[in-house]
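Peer 1: Whatever this is, show me its structure:
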Amino acid sequence: MTESKVFAHAGEGEWTATPDGNRRRVLLHTEELMLVEFGFDEGGVGALHSHPHVQASYVAEGRFEVTIDGRTEILDAGSSFIVPSGLVHGVRALKAGRLVDSFTPHRADFLG
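Peer 2: Here you go, the predicted model:
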């Protein structure tokens, strides 16, 4: 492994505003995998979208309405979901919270 960062500590990394009014910070990444924390205020929406990356998400805090390919479920802290490549998906924060998302391959668009 080349000079990739392999550890991240709580509170590291700068939050970046997202186009939909939420915030994110990239925790770690390699070419093959990326870990990103997203923060949402109550009522915050991650607009419906799709991308070629496979995404796995963990609800670290809060309560979210999650829609994947037209199917919607309510997920609380400790729950998780997977978005296969290319499926339309989005979230709405029913309570303020955080999602920890992994993407494979990494999201180059999140790196600047």
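Peer 1: okay, residue 26: pLDDT?
Peer 2: For residue 26, the pLDDT comes out at 95.
Peer 1: Find the centremost residue of this structure, please.
Peer 2: residue 101 (3.6 Å; CA atoms, centre = their mean).
Peer 1: Now that one: which helix or strand?
Peer 2: Counting by DSSP states H and E, the element that carries residue 101 is strand 89-104.
Peer 1: For that strand, buried residues please.
Peer 2: Residues 89-94, 97-103 are the ones in strand 89-104 that count as buried (16 or more other CB atoms under 10 Å). Just so you know, the C-beta spots here come from the backbone N, C-alpha and C atoms, and that holds for glycine as well.
Peer 1: what's the answer for stretch 19-39, then?
Peer 2: The neighbour-count check on stretch 19-39 (16+ other CB under 10 Å) flags 22-29, 34-39 as buried.
Peer 1: got the CA coordinates for it in PDB?
Peer 2: This file holds the C-alpha atoms of stretch 19-39, laid out as PDB (Å, rounded to 0.1, in the frame of the first residue of the first chain):
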ATOM      1  CA  PRO A  19     -25.100  20.800  -2.600                       C
ATOM      2  CA  ASP A  20     -28.300  19.700  -0.800                       C
ATOM      3  CA  GLY A  21     -27.500  21.600   2.400                       C
ATOM      4  CA  ASN A  22     -26.100  18.900   4.500                       C
ATOM      5  CA  ARG A  23     -22.400  18.200   5.300                       C
ATOM      6  CA  ARG A  24     -19.800  15.500   4.800                       C
ATOM      7  CA  ARG A  25     -16.300  14.600   5.600                       C
ATOM      8  CA  VAL A  26     -14.100  12.000   4.000                       C
ATOM      9  CA  LEU A  27     -12.600   9.800   6.700                       C
ATOM     10  CA  LEU A  28     -10.400   7.500   4.700                       C
ATOM     11  CA  HIS A  29      -9.900   6.400   1.100                       C
ATOM     12  CA  THR A  30      -7.900   4.300  -1.200                       C
ATOM     13  CA  GLU A  31      -8.500   3.800  -4.900                       C
ATOM     14  CA  GLU A  32     -10.800   0.800  -4.100                       C
ATOM     15  CA  LEU A  33     -12.700   2.000  -1.100                       C
ATOM     16  CA  MET A  34     -13.800   5.200   0.600                       C
ATOM     17  CA  LEU A  35     -15.400   5.900   4.000                       C
ATOM     18  CA  VAL A  36     -17.400   9.200   4.400                       C
ATOM     19  CA  GLU A  37     -19.400  10.600   7.300                       C
ATOM     20  CA  PHE A  38     -22.500  12.600   6.500                       C
ATOM     21  CA  GLY A  39     -24.300  15.000   8.900                       C
END
